[in-house]
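Novice: Okay, predicted coordinates and the sequence, questions at the end:
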Amino acid sequence: MKKVSLRTLPLGLGIVLAAMSFVDTASAGFLTFTDRASWRAAAGGGVGDLSENFNTFTGTTIYGNPTGVSAGFMNFATVSGNYGTDTSWSIRDTSPLSGSQTVNGTSYVSLVSYSPPAGDTLITHGAIAALGFDYRGPSNTPSNDANPLTLLTSLGDNITGPTILGSSSGFFGILYDAGESFTSVQVRDLTDSRTFFGADNFEAYSSAAPPVPEPTTLAVMAVGLAGLGFARRRKRTA
């Protein structure tokens, strides 16, 4: 293909192309949130179309087995499909474990990273653009703290979350902001490969609002278009 010089193009078009050459082509990106309202607003506003609070579960339901346990729009299992008799990997009522404990006085799920990747909790679901949940730190700290929590998504991103200590509680949400979707998250602790904590009130968006162009991109395009307009005016007065 013949290389085209900007000098051979009309002035205005050359300015537009030159301006656009300074805009990077962004790869897939994600955002993290520690406030549910801000996360909802970024995902498009309103409440997510998918949710689960585990209130239909009673007693202890262990998910550390080959098939895992379905809860609403999610399935909880371990990466290896093992730990089928250990209550650390379970959806349970308000009674605390040696590590996890209830988030807000109702049933909850115990999320785990242990002897990775075999003992890591694996959450699978349909294609979604955003996922968020409430959490509460482990009852026996510091051995089971998340330092910090990391979520590995099906897109291959290790997303760093909050440091979850024994006294910690809060919200953590992730959002892919350029139209991507993911189908799983794996719970990880990349510091000491061990964490147990309670999670509840999961919420997700099966699609998110269209990405908004970055201010720098808009500014560069405005400069180019202004140059194009100037070139047209100059041509008329020539």
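Specialist: Received it, and whenever you're ready, just let me know what you need. Residues are numbered from 1 along each chain as shown.
Novice: what's the closest non-adjacent residue to Ala208?
Specialist: In space, and not counting its chain neighbours, Ala208 is closest to Ala129: 3.7 Å by C-beta to C-beta, 6 or more residues apart in numbering. Glycine gets a C-beta too; all of them are placed from N, C-alpha and C.
Novice: Mind giving me the packing neighbours of the top strand by length along the chain?
Specialist: When the chain is parsed with DSSP state E, its longest strand is strand 194-205. The helices and strands touching strand 194-205, judged by 3 or more C-beta pairs under 8 Å, 6 or more residues apart in numbering; DSSP states H and E, are strand 50-52, strand 108-114, strand 121-128, strand 130-136.
Novice: circling back to that earlier point, so who does the residue nearest to Ala208 touch?
Specialist: Ala129 makes contact with 43, 175-176, 179-182, 205-208, according to C-beta atoms under 8 Å, 6 or more residues apart in numbering.
Novice: Let's see that with 6 Å instead.
Specialist: The neighbours of Ala129, taking C-beta atoms under 6 Å, 6 or more residues apart in numbering as the test, are 176, 181, 205, 207-208.
Novice: May I see the helices and strands packed on strand 194-205 organised as CSV, with mean neighbour count, distance to Pro162 and mean pLDDT added?
Specialist: Converted to CSV, these look like this (neighbours: other C-beta atoms under 10 Å; distance: least, C-beta to C-beta, whole Å; pLDDT from 0 to 100):
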stretch, mean neighbour count, distance to Pro162, mean pLDDT
strand 50-52, 17, 21, 98
strand 108-114, 27, 13, 95
strand 121-128, 19, 17, 98
strand 130-136, 24, 8, 97
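Novice: Tell me which of these sits nearest to Ser168.
Specialist: Closest approach to Ser168 among the helices and strands packed on strand 194-205 (C-beta to C-beta): strand 130-136, 7.0 Å.
Novice: what residues does that closest one touch?
Specialist: The contact list for strand 130-136, computed with C-beta under 6 Å, 6+ apart, reads 39, 43, 101, 103, 169, 171, 173-175, 197-205, 208.
Novice: and those residues, which are buried?
Specialist: 39, 43, 101, 103, 171, 173-175, 197-205, 208 (16 or more other C-beta atoms under 10 Å).
Novice: before we move on, the earlier item: now, the contacts of Ala129 that are in strands?
Specialist: 176, 205.
Novice: Can you tell me which of the contacts of Ala129 is nearest Tyr108?
Specialist: The closest of these to Tyr108 turns out to be Tyr205 (C-beta to C-beta; 21.8 Å).
Novice: Show the contacting residues for that closest one.
Specialist: Counting by C-beta under 6 Å, 6+ apart, Tyr205 makes contact with 43, 48, 129-130.
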